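In: A predicted structure for the sequence below; I have some questions about it.
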Amino acid sequence: MSAEPLLTDLDRQTIAVSKALAADAVEKAGSGHPGTPISLAGVAWLLYQREMVHDPLDPGWLGRDRFVLSIGHASLVQYIQLFLAGYDIDLEGFTAFRSPAGLPGHPEFGEVPGVETTTGPLGAGFANAVGLAMAARREHGLLDAGTPLGESVFDHFVYTILGDGCMQEGVSSEAASLAGTQQLGNLIAIYDDNDISIEGNTDIAFTEDPSARFEAYGWQVLDVDWRTGPDGYAEDLEALHEAVVAARAETSRPTLIRLHTIIAWPSPTKQGQESSHGAKLGGEEIAGLKRALGLDPEQSFILPDDVVAHARTRAAENTRAARAVWDERFAAWQQANPDAAALLERLEAHRLPEGLQAALPTWEVGESLATRAASGKVLSALAGVAPELWGGSADLAGSNNTTMAGEPSFLPASLAQAEGDGPFGRTIHFGVREHAMGSTLNGIALDGLTRPYGGTFMVFSDYMRPAVRLAALMGIGSIFVWSHDSIGVGEDGPTHQPIEHLAALRAIPGLAVVRPGDANETAAAWAEILRRHDEPAGIVISRQNLPVSASARAAADGVRRGAYVLAEATDASGQQVSPDVVLVATGSEVGVAVAARDILQGQGTPTRVVSAPCLEWFAQQDEAYRAEVLPADAAKVSIETGIAMGWREIVGDAGEIVSLDHYGTSAAGTTLFEEYGFTGQNVAERARRALARTRG
């Protein structure tokens, strides 16, 4: 009995219809990117109909393969196959493409079923795919460590399609290098090598050999050239299928399939032209395309019932077969591993572990500790109660204290450095790759079961910003650890002293920027960040020691609200009174505010100190609480070693902003605080000015 052919006549018609639908959707929208969805329609059909394990009726099924369209501008490549496979997408999504009533111009996580991540900034999706592949391995180790790689119910493949633009963006180089080092055999990337960019042939800017580059990274590279068919060009899906099979068989290296294509093929005059990349083809060109495909040039949005039924029947049959096997294996795993099954249930429900609060270390008021050191102690304390928490640093673990004590490294067995290191380890070594680290964290977070963190110096958050923005856009729980947060860095000088970074990061909607003022606030910050599963956060921590000003209880109650009263105003007898002055500070400047309060109180000015570790969380509180913390009739002063931007809304027109609106210099942090006015004496003087204005 002969094997079923890869393509039937109905399959070929499905691919033809997919090409025409892409052209029609862009034409109707009046804008978009038709060329790549036309030329890659067969590639996407092969993945969704023949290669990938997925379930259109359950897009979040744990046993699915993951797919990332890194070339997000070509979103129709994915949308059309999702529709044909039976995901919850209707025809109006295409007729109203790139409008509020239709499908978005780029794949958007949470908006389109079956889309694993928001893509569009080139290379970011590819780096997300690396994170998804890493997450799969960690989850295997967390839930089924006794089973070899490739044999667990939790193993799956991650597929991604990238293009020339992705190849040129630096983040792809960083991520590919990391993936090669990690020997991610579950990662399969298809590179659409069509030699076209918006400005013309890629030779004007991109002449390297990507195959040699990826081989040097440690990838398996397979070459499939559709330009060498018997008639000059043939979409040889058999050859591509064989390459995918070979990629799945390679378990110790990620695979790049370099697929040579002609953009917009077989449109009559715009195939192979940059004009097909980012603009509609035009009615005459689309009519010619449809004739070449054997379709009626007078019809638009052609979706024959038999084609749709064929694609959905095939997808449903594939799903039933895959799920039957997986469900049986999963049931056996559950029975054999009741504790791991209970952990999985908790992770899927995004419930925090019992005992998390009790596990947090505490410090006595008056102790002194850098918040980076406190953060490291918190991570080590959480290691035993929150197995879902894992991460590392961009080669700065010893400086930003991101290594949980005693936890092994996440490395392939061949690169293990110490006992316990291996493919299921917990400590990630991202290397000096901040952008890829951020994007990889996003990929791990998107997989849904674990909470990843990654650390670097705060000044280098600039390298991470695109990934941080995408985390906020998607509403996922990536955790960014930024140490060395101010001029307190000291002698390294202005290249390492962040000045504008707090304001720049606070400008990102949906990102929580958390700058604890002492060790107890640091512990409370980590607890609150973990409670907020659907929100990315950056925890901003100090190099220098800071006095512990908040009790553990006060910090636990106050940090979750973003800002709280740390020290109350009192009269000469020590009784609490309404404040004349409110000093609002973050991070290392909380201690400065406390010193200024002592001066003002000694001069008979009732003064309150408000610690404000997270302005975003404070803004989420009700108006009554915010007014209670910051009374309207009190003079207000903000203290933060960064630019003034954003603080006027807190202190009002009459208030004072003690800020740093210029770069620092190489000197001890204590010297710089003194020189630039971050002292109790200067803040007290600024408070007197604010009070005079407030009283009129």
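Out: Perfect, thanks for sending it.
In: excluding its backbone neighbours, what's nearest L411?
Out: D421 (5.2 Å; Cβ to Cβ, 6 or more residues apart in numbering). C-beta here means a position set from N, CA and C on the backbone, and glycine is covered the same way.
In: same deal with F157?
Out: In this structure, F157 finds its nearest non-sequential neighbour in D65, 4.7 Å apart by Cβ to Cβ, 6+ apart.
In: For the one you found, grab the count of nearby residues.
Out: By other Cβ atoms under 10 Å, 19 other residues sit near D65.
In: List phi and psi for the most far-flung residue of the chain relative to its centre.
Out: In the chain, counting by Cα atoms, centre = their mean, S573 sits farthest out from the average C-alpha position, at 52.7 Å. Recorded main-chain torsions at S573 are phi -90, psi 0, according to degrees, to the nearest 10.
In: And the pLDDT at it?
Out: Looking at S573, its pLDDT reads 92.
In: who's in contact with it?
Out: By Cβ atoms under 8 Å, 6 or more residues apart in numbering, the contact list for S573 is empty.
In: Next: G229.
Out: If you count contacts by Cβ under 8 Å, 6+ apart, then G229 has D236 around it.
In: ok, 10 Å please
Out: 235-236, 239 (Cβ atoms under 10 Å, 6 or more residues apart in numbering).
In: burial measure for T228, as a count.
Out: When neighbours are counted by other Cβ under 10 Å, T228 comes out with 11.
In: That one and S39: what is the separation?
Out: 16 Å (Cβ to Cβ, to the nearest Å).
In: Ok, R329 next?
Out: According to Cβ to Cβ, R329 stands 38 Å off from S39.
In: Check the residue most central in space within the chain and give its pLDDT.
Out: When Cα atoms, centre = their mean is applied to the chain, the residue found nearest the centroid is N442 (2.4 Å). For N442, the model assigns a pLDDT of 98.
In: Need the per-residue pLDDT for L162.
Out: pLDDT at L162 comes out at 98.
In: Quickly find the element holding it.
Out: strand 158-163 (DSSP states H and E).
In: repeat for D192
Out: Going by DSSP H and E, D192 is in strand 187-193.
In: I'd like the distance from that strand to the chain centre, please.
Out: 21 Å (Cα atoms, centre = their mean, to the nearest Å).
In: Quick check: mean pLDDT of that strand?
Out: On average, strand 187-193 scores 98.
In: what does stretch 553-560 give?
Out: 97.
In: starting at the chain centroid, how far to it?
Out: For stretch 553-560, the distance to the chain centre is 28 Å (Cα atoms, centre = their mean).
In: what comes up buried for it?
Out: 554-556, 558-560 (16 or more other Cβ atoms under 10 Å).
In: can you check stretch 245-260 too?
Out: With the criterion 16+ other Cβ under 10 Å, stretch 245-260 contains buried residues 247, 253-260.
In: How about stretch 82-97?
Out: 82-87, 89, 93-95, 97.
In: end-to-end on that stretch?
Out: End-to-end distance of stretch 82-97: 15 Å, with Cα to Cα, to the nearest Å as the criterion.
In: about what we covered before: and the contacts of G229, which is closest to G278?
Out: E235 (22.3 Å; Cβ to Cβ).
In: Over to that closest one: give its phi and psi.
Out: Dihedral angles (degrees, to the nearest 10) for E235: phi -80, psi 80.
In: Does it touch H241 like I think?
Out: No: E235 is beyond contact range of H241, at 11.8 Å (criterion: Cβ atoms under 10 Å).
In: what's the closest non-adjacent residue to E434?
Out: Y463 (3.7 Å).
In: next one: G131
Out: G443 (2.1 Å).
In: list the contacts for that neighbour?
Out: Shown in contact with G443 (Cβ under 10 Å, 6+ apart): 66, 68, 116-117, 124-135, 158, 175, 452, 467, 476, 478.
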